[in-house]
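Q: All I have is the shape, not the residue letters:
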């Protein structure tokens, strides 16, 4: 049996450059998760890839029935870097109406490519880099083959109920250290992904390269090695 | 651009029936997660689907540095049903050498289909049923289009370090209740998935239907309604 999926390349490219412009706007207004920037640039230099909203990993504290609840959830705290002991003690003293959860997540990269074959190659590279839960999420004529690259790194901890903390307050330091460990473990996968994608030949996107040069960025430097610290 | 992926239908069918036989062997030796059986039967009745190793959701307690660690991990406890207060107190008293984590996960269904178009239709049904993190994991000529259907339901709690419990032992009951809540929330998605897949027309697999009849199982009954309790 043959499966024939046609991607409208013209619309696909239009979307690529629209997301590319948005990336720089987000960066300017401080909306972009800066840990991601080198990886996002590297991916977009590839003629057959564009990136969408992504995350380098973060700590989110919510007041919600369950960690995955969308409705009836209020976000108490959100940070892409390690949290301090004092910060956490402050958070823990906050009044809640449901349950207080700490969610630490690893990086999530959303990208699109223009053929199934290339999507499978991206999945292979992502798995090599430890993004073991990656997959094709959908396929759309103009949006392309949409992929989500995800590691298995997460922690989702109940820390407080309405009656008070569920955790032993004498162990807060151990808990905060573990949360930060999990966050940094997640970030270390960005380095592995960067190296996996820079160590290969691929067709470059001349529009993106010209635009980067205009912004004073060297593509050769971007491709030379990972800007992420290995851990 | 056209993407052409060819599935070798003969090998694919061979694999389907091999997985089908294994399913019944696993059931006999008590290895199959029985909560899954009605859903797995329903899926395999579809001519274009076969299921692989899947899980209805479970509570796993591990002694490991991180919840996702594979090496240097020992599993202390594993159960597909709610856990009792006494069971958990017992677990918590166990000596550990790393960290003690409780991981509660929702259902994970692995299946294969024989075309991209059908894979996209399965993803659509899965998302409707709340399996929001579902995707195509790989594509292989003889294995087919491999999908993983996953919900966002999970909890991953640090409960003890070498020095002792991280949780307040006076709150164990609230914690155990929450863990069981999470598990049952996950199981409720099995019902939604069952209903999504039974409420549609599809090409039936006559080999599977004959085999089910031989085992004394009625296909009409399977298709009539969900055997899962709604929650």
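A: Received, thanks. Quick caveat, the model's predicted, so the values are computed rather than measured.
Q: Who is the residue of chain A found nearest chain B paired with across the strands?
A: Residue nearest to chain B within chain A: residue A:135 (2.6 Å; CB to the nearest CB). From N, CA and C alone the C-beta is placed, and that goes for glycine too. On the basis of DSSP bridges, residue A:135 takes part in beta bridges with residue A:148.
Q: Check the one 5 residues further on too.
A: Using DSSP bridges, the bridge partners assigned to residue A:140 are residue A:144.
Q: residues of the longest helix anywhere in chain A that come out buried?
A: When chain A is parsed with DSSP state H, its longest helix is helix A:172-198. Neighbour counts over helix A:172-198 (16 or more other CB atoms under 10 Å in any protein chain shown) mark A:172, A:174-176, A:178-198 as buried.
Q: Now narrow those residues to whatever sits close to chain B.
A: Checked against chain B using CB under 8 Å from any CB of the partner chain, the buried residues of helix A:172-198 yield the following neighbours: A:174, A:175, A:178, A:181, A:182, A:185.
Q: what about stretch A:138-154, distance to the chain center?
A: 12 Å (CA atoms, centre = their mean, to the nearest Å).
Q: Low-confidence stretches in chain A?
A: Low-confidence segments of chain A, defined by pLDDT under 70, span residues A:1-4, A:229-231.
Q: Show me what the longest helix of chain A is packed against.
A: Identification of packing neighbours for helix A:172-198 by 3 or more CB pairs under 8 Å, 6 or more residues apart in numbering or on different chains; DSSP states H and E yields helix A:37-45, strand A:58-63, helix A:85-92, strand A:99-105, helix A:116-128, strand A:154-161, helix A:219-224, strand B:154-161.
Q: and the second one with strand A:99-105, angle?
A: It stands for strand A:58-63. Inter-element angle recorded for strand A:58-63 and strand A:99-105: 170 degrees (by axes from the mean of the first three to the mean of the last three CA atoms, to 10 degrees).
Q: returning to what we had before: now distance to residue A:79 too, for the ones next to chain B among the buried residues of helix A:172-198, in CSV please.
A: As requested, those are exported to CSV (distance: CB to CB, whole Å):
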residue, distance to residue A:79
A:174, 19
A:175, 16
A:178, 16
A:181, 15
A:182, 13
A:185, 16
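Q: right, and the helix or strand after the longest helix of chain A?
A: helix A:206-214 (DSSP states H and E).
Q: buried sites along that following helix?
A: So helix A:206-214, judged by 16+ other CB under 10 Å, has buried residues A:208, A:209, A:211, A:212.
Q: ok, of the residues you listed, which one's closest to residue A:108?
A: Within the set of the buried residues of helix A:206-214, residue A:208 lies nearest residue A:108; the separation is 22.2 Å, counting by CB to CB.
Q: Identify the residues contacting the closest one.
A: Contacts for residue A:208 were tallied using CB atoms under 8 Å, 6 or more residues apart in numbering or on different chains; they are A:20, A:44, A:45.
Q: top of those residues by neighbour count?
A: residue A:44 (23 neighbours; other CB atoms under 10 Å in any protein chain shown).
Q: what's the residue lying closest to residue A:204 once chain neighbours are set aside in contact with, if anything?
A: Nearest-residue entry for residue A:204: residue A:45, 5.7 Å, with adjacent residues in sequence omitted and distances by CB to CB, 6 or more residues apart in numbering or on different chains. Neighbour list for residue A:45: A:204, A:205, A:208, A:209, A:212, A:219, A:222, A:223 [criterion: CB under 8 Å, 6+ apart].
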